[in-house]
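Novice: Compute the structure for the input listed below.
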Amino acid sequence: MKPRVTHRNKRRRRIAHPARRGFVLIAALWLLVALGAVALDMSLRTKARRLAAAHVLDEHRARAAALGGAEYARARLGGGIVGRADEIRAEVARNPRSTRDGFRGPQRLQERIMQDALRPGDPAEDPWREPQALVLQEHGFADARFQLHVRDTGAALNLNEASEQMLRQFFAQGLRLDYALADRLAQAILDWRDEDDSPRLNGAEREQYLRDGAPVLPPDRPFEELAELRWVRGMTDELYAAAQPYLTLTSSGRVNLNAAPEPVLLALPGMTPATASELMRLRAAGSLPRRERDLEELLSTGAMAGIQAVEQEFGRRVTYTTDEVEIIADGWVEGSSVRVRTRTVVARAQTGAVVVWRKLDR
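Specialist: Numbers count the residues shown, from 1 in each chain. Down below sits the predicted model:
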């Protein structure tokens, strides 16, 4: 006997059926949301992998551009050694802007030896004088680019090779700081780079830095990066910005008397502001000394007095020609934020420019 379906039972069935359908709909929506989340996660992961791969590729291309720029500059400097300096300077002067069409002019250097080019008698005929005039500042192929900064290493003061007196004179005379501050900075720099932990009278070692709450302690070794100078006791951001253009870590420590700017000249033993100003005036007039004997003929007696008082030390610290050149090459790919920098130092050789030091930075 079939159960009797009452009006109330029919109503319950009509009410329950839509509820089940609503549950299925909600479950389906949640499933869609879950699938969408999985798809989005996979898409983001895939995109991240693509970006990482593109980043690595851009880095390799930027590195190749930087190294290519350094080799281009080295080839140009080598061309100067084998007698093509005037030709190369004229070429650069005709094409001051960068080009995307590759390097112009002959690329193979003439293989001949010029013994007198290694250290020319007249600094005015030095093929490496003003080395930046031998290269285009920016260049590249397609979207791979490089930018060059080339300078005589003797045009800067070597922070690791300079004596305490030279550092003191650089800050006091070259940057015109108060003598007491210049003295503290010079002694703090010496304490930073020496091997012991005994502070000089006005210097500072680890104990003083710890007492000051300094974030970086002196490593008691030579500077590895110029940026370390920021953390030397007494140094400020403003002082570092003023000093940095005149400093280097890659030179032999000898200052080119015919290329160094006045603040660097003022760091030399026996140098006074009057003597440095006189040298700069002579340089502007085209009078370039080849040796100390020429200085005696060019400078006044008063200007020479300070140099002659420390003649031996002065002679050990100066040169009159460009013996080494630092090449800083920045490489990048257009549209990418990745940049790679290579720093190279090249020295004179009989057949061109020889790499004596190189470092790759990110």
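
Novice: Only C-alpha atoms from now on, for both contacts and neighbour counts.
Specialist: OK.

Novice: Next one: Pro199 relative to Gln169, how far apart?
Specialist: According to CA to CA, to the nearest Å, Pro199 and Gln169 sit 20 Å apart.

Novice: swap in Asp191?
Specialist: Taken as CA to CA, the span from Asp191 to Gln169 is 17 Å.

Novice: Between Pro199 and Gln169, point out the one with more neighbours.
Specialist: Neighbour totals were compared for Pro199 and Gln169, and Gln169 leads with 28 against 18 (other CA atoms under 10 Å).

Novice: tell me the contacts of that one?
Specialist: The neighbourhood of Gln169, defined by CA atoms under 8 Å, 6 or more residues apart in numbering, consists of 182, 266-268.

Novice: hmm, 10 Å instead?
Specialist: Going by CA atoms under 10 Å, 6 or more residues apart in numbering, Gln169 touches 163, 175-177, 179, 182-183, 186, 263-272.

Novice: I'd like to know which of those residues are buried.
Specialist: 163, 175, 177, 182-183, 186, 263-272 (16 or more other CA atoms under 10 Å).

Novice: before we move on, back to that, in helices, which of the contacts of Gln169 fall?
Specialist: Among these, the members found in helices (DSSP state H) are 179, 182-183, 186, 263-265.

Novice: which one among these gets closest to His60?
Specialist: Val264 (37.2 Å; CA to CA).

Novice: ok, now which ones touch the closest one?
Specialist: Val264 touches 154-158, 166-167, 169-171, 173-175, 243, 246-247, 255-257, 276, counting by CA under 10 Å, 6+ apart.

Novice: Just the buried residues from these, in PyMOL please.
Specialist: This is the PyMOL syntax for the buried subset of the contacts of Val264, where burial follows 16+ other CA under 10 Å:
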select buried, resi 154+155+156+157+158+166+167+169+170+171+173+174+175+243+246+247+255+256+257+276
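
Novice: Inside helices: which ones of the contacts of Val264?
Specialist: Those of those mapping onto helices are 166-167, 169, 243, 276, per DSSP H.

Novice: Reformat those as TSV; add distance to Ser251 and pLDDT.
Specialist: Listed next are these as TSV, based on distance: CA to CA, whole Å; pLDDT from 0 to 100:
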residue	distance to Ser251	pLDDT
Met166	15	98
Leu167	16	98
Gln169	19	98
Ala243	16	98
Ala276	21	97
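
Novice: Determine which two of the residues you listed are furthest apart.
Specialist: The largest distance within these, taken as CA to CA, falls between Ala243 and Ala276 and amounts to 17.8 Å.

Novice: Tally up the residues packed near Arg233, please.
Specialist: Arg233 has 24 neighbours, counted by other CA under 10 Å.

Novice: Can you pull the poorly scored residue ranges out of this structure?
Specialist: 1-22, 41, 43-52, 54, 82-121, 362 (pLDDT under 70).

Novice: how about a cut-off of 80?
Specialist: Counting by pLDDT under 80, the chain shows low-confidence ranges at 1-55, 81-122, 124, 141, 350-351, 362.

Novice: so where do the helices sit in the chain?
Specialist: Here the chain has its helices, by DSSP H, at 7-79, 85-94, 164-169, 179-193, 206-212, 237-243, 262-265, 273-284, 292-298, 301-309, 311-317.

Novice: okay if I get these as TSV plus distance to Glu138?
Specialist: Shown next, in TSV, are the helices of the chain (distance: least, CA to CA, whole Å):
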stretch	distance to Glu138
helix 7-79	9
helix 85-94	11
helix 164-169	34
helix 179-193	35
helix 206-212	42
helix 237-243	25
helix 262-265	27
helix 273-284	28
helix 292-298	38
helix 301-309	41
helix 311-317	34
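
Novice: Which among the ones you listed is found nearest to Leu134?
Specialist: Of the helices of the chain, nearest to Leu134 by CA to CA is helix 85-94, at 5.1 Å.

Novice: Tell me the spacing between Ala188 and Ala242.
Specialist: For Ala188 relative to Ala242 (CA to CA), the value is 18 Å.

Novice: Looking at those two, which one has more neighbours?
Specialist: Ala188 (24 against 12).

Novice: Show the contacting residues for that one.
Specialist: 164, 182, 199-205, 218, 232-235.

Novice: List the contacts of the nearest residue to Val355 once chain neighbours are set aside.
Specialist: Distances taken as CA to CA, 6 or more residues apart in numbering place Val346 nearest to Val355, at 4.3 Å, with adjacent residues excluded. Contact analysis of Val346 by CA under 10 Å, 6+ apart lists 70, 73-74, 77-78, 152-153, 323-327, 352-358.
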